[in-house]
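>>> Okay, structure incoming, though there's no sequence with it:
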Ligand SMILES: Cc1ncc(COP(=O)(O)O)c(C=O)c1O
């Protein structure tokens, strides 16, 4: 029988005779490569250890003198867990609420088959902030587009009158909705799809930000199309911001053909783009909206689908659900993640700090026109794209940025996304921009 002894906390956490605080960055990498799923390509030679402040992390790097297992350095978090930590690392308001509810309020863990008092709090807060009729809680981000997909199909059959099994969901080329079978069935990313087929049927792809292509598809198959399931700004694709008139025109087309507009705001939601939800930047209202990431304040995975009464109304007991979707701790975390977004004016902060960063990007583009091809962004969801040349490599830029004390990550070969916590200071934005400037200059 395997003998396993686990003791201690933090660096003193022991798994048998291995003390976590003794491992070098190389040893961490070796363990991950040997025992993990190898489904990520993390930045080399760095291990994040803890939080210093809401936008600063403590990282362990190899000791240049090779005496100690590692040295510790501060890095500014320019990625904030792919926009899951909009409220800042260890946001005090959320952490205090979690600790209080676990220790003082004796928060239970129960599933949805019995009512708990925090579900009402979650529903009141989530419908209040989204302005939607109904909300269904889930856990991981990917579950939000998954559920929107299911809801759209059932609504199509039961309300729109699509013949059985003929529903079509329209997805946009270049999208990212996560890694489930439904999400990769909507994807055109070959790496995400290779040898995972057969895929979910009933999906049509359309070019993003091409209103004529969408119109032609709706004209052709509109009576069977139930939804256009799409990101308001494509995040993983490298922060692709559509034309200003795209969303109002899409909303109009969806209305005309009785097709649901199902927006995946998992990355763009929760104040990231300078509005509480990105669709508000364009003056439209979707029929369904999926949120995740910062819906749990970076503390816990929480996602949800918010939407129209008659669409979410197609759910019946037993047709949907999950053990941890809306359980008490998830509900509490989400309520206080919403409160933090409101109380800290995060949308306004994203607008102000986003403008500061984009202004710096503009200057860099003017300074290095042969290196920086394009800058894109809304609020603090920003990216710069370099020209397609071997030395203008996003992964290399990320590694060089790390040496300058900034953590960021490429989205594609030549694009680097910068999306720090919305609580970031003006000084820290300048530090990020200074580091990028130095790295680009030396490329
Ligand atoms: C738009 C969008 N939808 C869904 C997801 C999936 O979220 P998760 O990785 O939490 O499942 C992501 C993740 O990056 C995303 O950006």
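Structure received. None of these values were measured; they are calculated from a predicted model.

>>> only C-alpha atoms for contact and neighbour calcs from this point on.
Fine.

>>> Averaged over its residues, which helix or strand of this structure has the lowest pLDDT?
Lowest mean confidence among the helices and strands of the chain (mean pLDDT, DSSP states H and E): strand 409-412, at a mean of 88.

>>> How about the residue nearest the centre of the chain: what's its closest non-neighbour residue?
Computing the C-alpha centroid of the chain and ranking residues by CA atoms, centre = their mean puts residue 267 first, at 3.4 Å. Here the nearest residue to residue 267 in space, its sequence neighbours aside, is residue 83; by CA to CA, 6 or more residues apart in numbering that works out to 6.0 Å.

>>> where does the one you found land on pLDDT?
Residue-level confidence at residue 83 comes out at 97, pLDDT.

>>> Run a quick neighbour tally on it.
Summarising burial for residue 83: neighbours were counted as other CA atoms under 10 Å, giving 30.

>>> my guess is it meets residue 420, correct?
Yes. The pair residue 83 and residue 420 passes the contact test of CA atoms under 8 Å, sitting 7.5 Å apart.

>>> dump the residue contacts of the residue nearest to residue 267.
Residue 83 makes contacts with 267-268, 272, 293-294, 419-421, as judged by CA atoms under 8 Å, 6 or more residues apart in numbering.

>>> Next: residue 5.
Shown here is residue 5, whose contacts under the criterion CA under 8 Å, 6+ apart are 14-16.

>>> mind running it again at 6 Å?
Applying CA atoms under 6 Å, 6 or more residues apart in numbering to residue 5 gives the contacts 15-16.

>>> Mind pulling up the pLDDT for it?
Among the per-residue scores, residue 5 shows a pLDDT of 98.

>>> Give me the distance from stretch 347-364 to the chain's centre.
For stretch 347-364, the gap between its own C-alpha mean and the chain's C-alpha mean amounts to 20 Å (CA atoms, centre = their mean, to the nearest Å).

>>> List, one by one, the residues from this protein near the ligand.
140-142, 176-178, 231, 235-236, 264-267, 293 (CA under 6 Å from any ligand atom).

>>> which of the residues you listed lies closest to residue 72?
Using CA to CA, the shortest approach to residue 72 within the residues of the chain next to the ligand belongs to residue 293, at 28.0 Å.

>>> Distance check, that closest one against residue 10.
25 Å (CA to CA, to the nearest Å).

>>> Of those two, which one has the most company?
Between residue 293 and residue 10, counted using other CA under 10 Å, residue 293 has the larger neighbour count: 29 against 11.

>>> For that one, list the residues it contacts.
Residue 293 makes contact with residue 84, according to CA under 6 Å, 6+ apart.

>>> Quick check: the gap between it and residue 178.
Taken as CA to CA, the spacing of residue 293 relative to residue 178 amounts to 12 Å.

>>> Got phi/psi on the nearest residue to residue 97 once chain neighbours are set aside?
Closest residue in space to residue 97, ignoring its immediate chain neighbours: residue 336 at 7.1 Å, by CA to CA, 6+ apart. Backbone torsions of residue 336, given as degrees, to the nearest 10, read phi -80, psi -20.

>>> quick check: domain ranges of this structure?
Per automatic domain parsing, the domain ranges recorded for the chain read 6-75, 92-343, 346-442.

>>> SS state for residue 60?
strand (DSSP: H, G, I helix; E, B strand; the rest coil).

>>> who does it bridge with?
Partner residues in beta bridges with residue 60, using DSSP bridges, are residue 47, residue 72.

>>> show me what contacts it?
Shown here is residue 60, whose contacts under the criterion CA under 6 Å, 6+ apart are 46-47, 70-72.

>>> Can I get the buried part of those as one ChimeraX selection?
Of those, the buried ones go into a single ChimeraX selection, burial set by 16 or more other CA atoms under 10 Å:
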select :46,47,70,71
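
>>> picking up where we left off before, I'd like the residues of the chain next to the ligand written out as TSV, with secondary structure added.
Conversion of the residues of the chain next to the ligand to TSV gives the following (three-state DSSP):
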residue	secondary structure
140	coil
141	coil
142	coil
176	coil
177	coil
178	coil
231	coil
235	coil
236	coil
264	strand
265	coil
266	coil
267	coil
293	helix
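
>>> From the ligand, how far out is the residue nearest to residue 97?
Using CA to the nearest ligand atom, to the nearest Å, we find residue 336 at a distance of 19 Å from the ligand.

>>> Hmm, that residue is touching residue 93, no?
No. Look at residue 336 against residue 93 with CA atoms under 6 Å: they stay out of range, at 7.0 Å.

>>> Now for residue 170, which secondary structure element holds it?
With secondary structure defined by DSSP states H and E, residue 170 is part of strand 168-172.

>>> Averaged pLDDT, that strand. What do you get?
Here strand 168-172 scores 99 as its mean pLDDT.

>>> Any chance you could list what contacts that strand?
Counting by CA under 6 Å, 6+ apart, residues outside strand 168-172 touching it are 186, 202-208, 224-229.

>>> ok, so of these, who is nearest residue 385?
Checking these against residue 385 by CA to CA gives residue 208 as the nearest, at 18.3 Å.
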